[in-house]
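[1] pasting the structure only:
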């Protein structure tokens, strides 16, 4: 079962264009909660600073699933 949005598109690491695993996104959010800057998190996680900012601000990976569907992953 994979999470899907309102339009039926897969969310998170199950999306066909996803570059980061859900565990990596969770680590970014945890590091930000610990008070690290976007630049420090980007260096530790080896991802662009703009991606870290987008994750922390909710622009990237900020959707909640509208449902779950059985899909081949």
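    Yes, it's here. Note that the structure is a prediction, hence the values are computed from the model and not measured.
[2] Could you list the buried residues of the longest helix seen in the chain?
    When the chain is parsed with DSSP state H, its longest helix is helix 22-33. Across helix 22-33, burial judged by 16 or more other C-beta atoms under 10 Å covers 25, 28, 31-32. Any C-beta I mention is one placed from the backbone N, CA and C, and that applies to glycine too.
[3] Tabulate those in CSV, adding columns for pLDDT and distance to residue 4.
    Formatted as CSV, the buried residues of helix 22-33 follow (pLDDT from 0 to 100; distance: C-beta to C-beta, whole Å):
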residue, pLDDT, distance to residue 4
25, 97, 18
28, 98, 23
31, 98, 28
32, 98, 27
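[4] If you count contacts, what does the longest helix of the chain end up packed against?
    Helix 22-33 sits against helix 38-45, helix 49-57, with contacts defined as 3 or more C-beta pairs under 8 Å, 6 or more residues apart in numbering; DSSP states H and E.
[5] The last one: how far from the chain's middle?
    Translated: helix 49-57. Chain-centre distance of helix 49-57: 10 Å, with C-alpha atoms, centre = their mean, to the nearest Å.
[6] contacting residues for residue 61?
    Remark: with contacts taken as C-beta atoms under 8 Å, 6 or more residues apart in numbering, residue 61 is in contact with 11-12, 20, 22, 25, 55.
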